[in-house]
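A.B. asks: Need coordinates for the below:
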Amino acid sequence: MTTNKRIVLSSDHAAIDLRRAIATHIANQGWEVVDIGPTTPESTHYPKHGEAAAQRVASGDCGLGIILCGTGQGIMMAANKVKGIRCGVCSDSFSARMIRQHNDANMLSLGARVVGEGLALDIVDAFLNSEFEGGRHATRVDMIADIES
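C.D. replies: Numbers count the residues shown, from 1 in each chain. Have a look, this model is predicted:
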């Protein structure tokens, strides 16, 4: 598990309520939550929120990140543009475990219009409670890093 227990959360307007539920859930597990908004339901642009969260993780300020939009796809695409970010969108717990164990993902993306709160919390738990296995997977993660160069 990551030694940096700071985790950044961000979303667009479509996912504010789910983001807040996740923030409370993980804070209760001992994580230091850095919630960078937004705080109001006015329409906003998911790329800026994905990038802002990804910058916090890439800089080392936060060990992990969780981002949300309607589907989780767009905000994930924006986050993955930041060097050093490996973010996957998940709508099931198995995938959330695998992106940590096999891909060393440092960010999770969720779709607030795709998963309900209960499932989202299970996915978050699977992501946070899994560790990178290294080994043959490390070679592949290194290959991903080389693409970014």
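A.B. asks: Strands of the protein, residue ranges please.
C.D. replies: For the chain, applying DSSP state E gives strands covering 6-11, 32-35, 64-69, 87-89, 107-111.
A.B. asks: tell me which strands and helices the shortest one is in contact with?
C.D. replies: Right, the one you point to is strand 87-89. Judged by 3 or more CB pairs under 8 Å, 6 or more residues apart in numbering; DSSP states H and E, strand 87-89 is in contact with helix 73-79, helix 93-101, strand 107-111. Using the backbone N, CA and C atoms, a C-beta is placed for each residue, glycine as well.
A.B. asks: And the second one, what's buried?
C.D. replies: In other words, helix 93-101. Using 16 or more other CB atoms under 10 Å as the test for burial, helix 93-101 gives Ser93, Ser95, Ala96, Arg97, Met98, Ile99, Arg100, Gln101.
A.B. asks: May I see the residues you listed organised as JSON lines, with distance to Gln73 and pLDDT added?
C.D. replies: Below are the buried residues of helix 93-101 laid out as JSON lines (distance: CB to CB, whole Å; pLDDT from 0 to 100):
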{"residue": "Ser93", "distance to Gln73": "19", "pLDDT": "98"}
{"residue": "Ser95", "distance to Gln73": "14", "pLDDT": "98"}
{"residue": "Ala96", "distance to Gln73": "15", "pLDDT": "98"}
{"residue": "Arg97", "distance to Gln73": "20", "pLDDT": "98"}
{"residue": "Met98", "distance to Gln73": "18", "pLDDT": "97"}
{"residue": "Ile99", "distance to Gln73": "14", "pLDDT": "97"}
{"residue": "Arg100", "distance to Gln73": "19", "pLDDT": "97"}
{"residue": "Gln101", "distance to Gln73": "22", "pLDDT": "96"}
